[in-house]
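1. Here is a sequence together with a model predicted from it:
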There are 2 protein chains.
Amino acid sequence: MSKTLDRLTLLANFARIAERGSISAAARDQNISQASSSRQLAELEARLAVSLIHRTTHTLALTEAGHECLAEARRLLSSWEALAERFGDEDAKMTGRLKIVAPVALGQLHLVRAALHYQKAHPGVSLTWLLEDEPIRFSEIGCDLWVRIGPVPDETLVVQPLGHVERMIVASPALLKGAAPEHPSQLAGFPCAALTPFEGSAIRLNTSAGETHHVTPNTPIATNNIFSAYEAAKMGTGFAVMPRWFVQSDLQSGALIDILPEWRAAALPINAAFLPAQRQTRRLRLFREHMQTAVTAIEGITA
Amino acid sequence: MSKTLDRLTLLANFARIAERGSISAAARDQNISQASSSRQLAELEARLAVSLIHRTTHTLALTEAGHECLAEARRLLSSWEALAERFGDEDAKMTGRLKIVAPVALGQLHLVRAALHYQKAHPGVSLTWLLEDEPIRFSEIGCDLWVRIGPVPDETLVVQPLGHVERMIVASPALLKGAAPEHPSQLAGFPCAALTPFEGSAIRLNTSAGETHHVTPNTPIATNNIFSAYEAAKMGTGFAVMPRWFVQSDLQSGALIDILPEWRAAALPINAAFLPAQRQTRRLRLFREHMQTAVTAIEGITA
DNA sequence: AGCGGTTACGAAAGACGTAAGGATG
DNA sequence: CATCCTTACGTCTTTCGTAACCGCT
């Protein structure tokens, strides 16, 4: 067991191996020999006194300890990177990678444009743009920024609120057939196209005056995909709880109707989450600002 | 500029130098030559492309960048340490340092015993036990655990609530002279011994029913030291806002009187704050549990 | 066979300590 | 002038790549 081999290099090598699923590939990435990469992995395992990767001749698998270590390694590496970059030239061209996870619908309809503008302005930065609504394992996957609708279930992250999405009950004129409900209690008679992460069996509605009502409608379709719920609402399969930003144009064209304009579902927070390395890398800080700007520019999203 | 020198070693050396205020001393601590320590510092500065320590021949001073770097270095080092220790033997004897900051009064009257019991049970761990009520720069001073009454103004820390201190208006019988106020509005006629971090010019009181009243008393003495405020209350200099745990025995003996038993000052949270390295070192985890137990055992502190 | 991981060995690079030089109170 | 930091130099440790070896598909 050596003493002087850089511990962060060891971790970086390990993370690369975990990412590529191969020692050879990781070695190529780093311009070192397979032998070195293999040795460094062994060395890390020796220092931590634990087996990180279970090797069968042609396939690598992270052990449980390996998963834990990977998450921590990623944290350490980005901390160092943030430190190393902190004092560099402000005008230096930015380089490096940025891995972003954002909500599916918001991401593909709005944020992707902001992301692409950013990339155009900073061609040295290579983006990994992943759209995913469900909670992720931030550190383990090596994420840099996570934009999420709803709470951020990770104690180790700093959460910055970007805004709130106003949500309303919408339906197609066809569904209502002229008999539009005027109070949530009348909603129970209508079917609902439910968006599963947000609406469970019950939908809670509030007035701005603080009045509350619970609706437990029939749900002929439940989905985790807002486009599907949207199609259902347009086809008249049922009403749906929709964010204003998503249905704004349909409300204006009349394709969908805000059937209970006095009542709103609870506003959902849009959060940006990231590692607490005091000030992060400049490329991430700028990216966050881009996202903040993009989110606040969306009609139907409030502070 | 070298390539293979361990970056964490560089940071550790820098932190040691900052702590000891001398390269020679830091070198002795680490059993390396002064030359090495000096070189490593220069090397770190080269890699970060910034001057960290301003050297005049006989005195060292951290630059602004040095302060920032020190905080981040401490974070990185404890992350690595937590990682390195994570997979070790559960039964291994614990060693290392633990730097704790706790509130003055709570620390010296209650928590110190828990800390000493911990040290006795784990003689390999050396504690640094600092009592300080004001906000600290956690990472820069190399703290491991910060117990604080009130909010924790540091975004990079994980905050765990330990309990709440009930606070009441107390006074000596001498002060009241039989004319005990029965409502906060009658309190304005009495002088107040104010505890500065908590009571500003106004004291807000609530009933359990939710009623609120503000009192802005005369303050013949204001202090940041609860023992002084306590002495003032006992001597009849004025009434005081006191945590129940602090005056419990005086209330029972009648030396102090809970003069408005229906009214309470806002309960203050007791928080434990620490770095978010997923699971920390075992010694810190155990210490936190000791603190939690000690705090909940105190009469007058509620969950 | 062919691909991927591990181990052995010689070569090269880098870090260490000693020691000399320089600056300050 | 004593102390502390920096720089130069020779030695020694350590790591690297090449290459041989081994195991699985």
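-> Happy to help now that I have it.

2. For A:N218, give me the backbone phi and psi.
-> Phi and psi for A:N218, reported as degrees, to the nearest 10, are phi -70, psi 140.

3. Count the neighbours of the residue lying closest to it once chain neighbours are set aside for me.
-> Taking C-beta to C-beta, 6 or more residues apart in numbering or on different chains as the measure, A:N218 lies nearest to A:P191, with 4.8 Å between them; neighbours along the chain are not counted. Heads up, the C-betas are built off the backbone N, CA and C, glycines and all. The burial metric for A:P191, expressed as a neighbour count using other C-beta atoms under 10 Å in any protein chain shown, is 17.

4. A:D29 now?
-> When neighbours are counted by other C-beta under 10 Å, A:D29 registers 15.

5. Would you agree it is in contact with A:R20?
-> Yes. Contact criterion C-beta atoms under 8 Å: A:D29 and A:R20 qualify, at 6.8 Å.

6. can you confirm A:Q280 is in a strand?
-> No. Under DSSP: H, G, I helix; E, B strand; the rest coil, A:Q280 sits outside any strand and is assigned coil.

7. Now it: closest residue in space, sequence neighbours ignored.
-> If you skip the residues right next to it in sequence, A:Q280 has A:A82 as its closest partner in space, 5.1 Å away by C-beta to C-beta, 6+ apart.

8. How about A:T296?
-> If you skip the residues right next to it in sequence, A:T296 has A:G163 as its closest partner in space, 6.0 Å away by C-beta to C-beta, 6+ apart.

9. do the same with A:R288
-> Counting by C-beta to C-beta, 6+ apart, the nearest residue to A:R288 once its immediate chain neighbours are dropped is A:A272, at 5.9 Å.

10. what's downstream of the one helix or strand the one you found maps to, the next helix or strand?
-> A:A272 belongs to strand A:263-274 when assigned by DSSP states H and E. Next in sequence after strand A:263-274, counting helices and strands by DSSP H and E, comes helix A:282-297.

11. The residue nearest to A:N218 contacts A:P220, correct?
-> Yes. In this structure, A:P191 is within contact of A:P220 by C-beta under 8 Å, at 4.8 Å.

12. Can you name the residues of chain A that neighbour DNA strand C?
-> Residues of chain A lying close to DNA strand C by C-beta under 7 Å from any atom of the strand are A:4, A:22-24, A:34-35, A:38-39, A:41-42, A:55, A:57-58, A:60.

13. Double-check that A:E134 belongs to a helix.
-> No. Counting by three-state DSSP, A:E134 falls outside a helix, being coil.

14. Count the residues that sit near it.
-> A:E134 is flanked by 10 other residues according to other C-beta under 10 Å.

15. any idea how far it is from chain B?
-> Distance of A:E134 to chain B, given as C-beta to the nearest C-beta, to the nearest Å: 21 Å.

16. Apart from its chain neighbours, what residue comes closest to that residue?
-> Skipping the residues right next to it in sequence, A:E134 comes nearest to A:P197 by C-beta to C-beta, 6+ apart, at 7.3 Å.

17. Please list all residues in contact with the one you found.
-> If you count contacts by C-beta atoms under 8 Å, 6 or more residues apart in numbering or on different chains, A:P197 has them with A:D133, A:E134, A:G150, A:N224.

18. wait, isn't the first one in contact with A:A102?
-> Put plainly, it is A:D133. No. Counting by C-beta under 8 Å, A:D133 sits too far from A:A102 to count as a contact (9.2 Å).

19. And the two? Which one has more around it.
-> Counting neighbours by other C-beta under 10 Å for A:D133 and for A:A102 shows that A:A102 has the greater number, 26 against 22.

20. Can you give me every residue that contacts the residue lying closest to the more buried one once chain neighbours are set aside?
-> Closest residue to A:A102 apart from its sequence neighbours, by C-beta to C-beta, 6+ apart: A:V147 at 4.3 Å. For A:V147, the contact set (C-beta under 8 Å, 6+ apart) comprises A:100-103, A:106-107, A:111, A:162, A:270-273, A:291.

21. what about A:V147, is that helix, strand or coil?
-> At A:V147 the chain is in strand, as set by three-state DSSP.

22. For the residue of the stretch 101-250 of chain A found nearest chain B, give me the backbone phi and psi.
-> Of the residues in the stretch 101-250 of chain A, the one nearest chain B is A:T156, at a distance of 4.1 Å by C-beta to the nearest C-beta. When read as degrees, to the nearest 10, the backbone of A:T156 gives phi -90, psi 0.

23. cool, and A:A180?
-> Phi and psi for A:A180, reported as degrees, to the nearest 10, are phi -70, psi 130.
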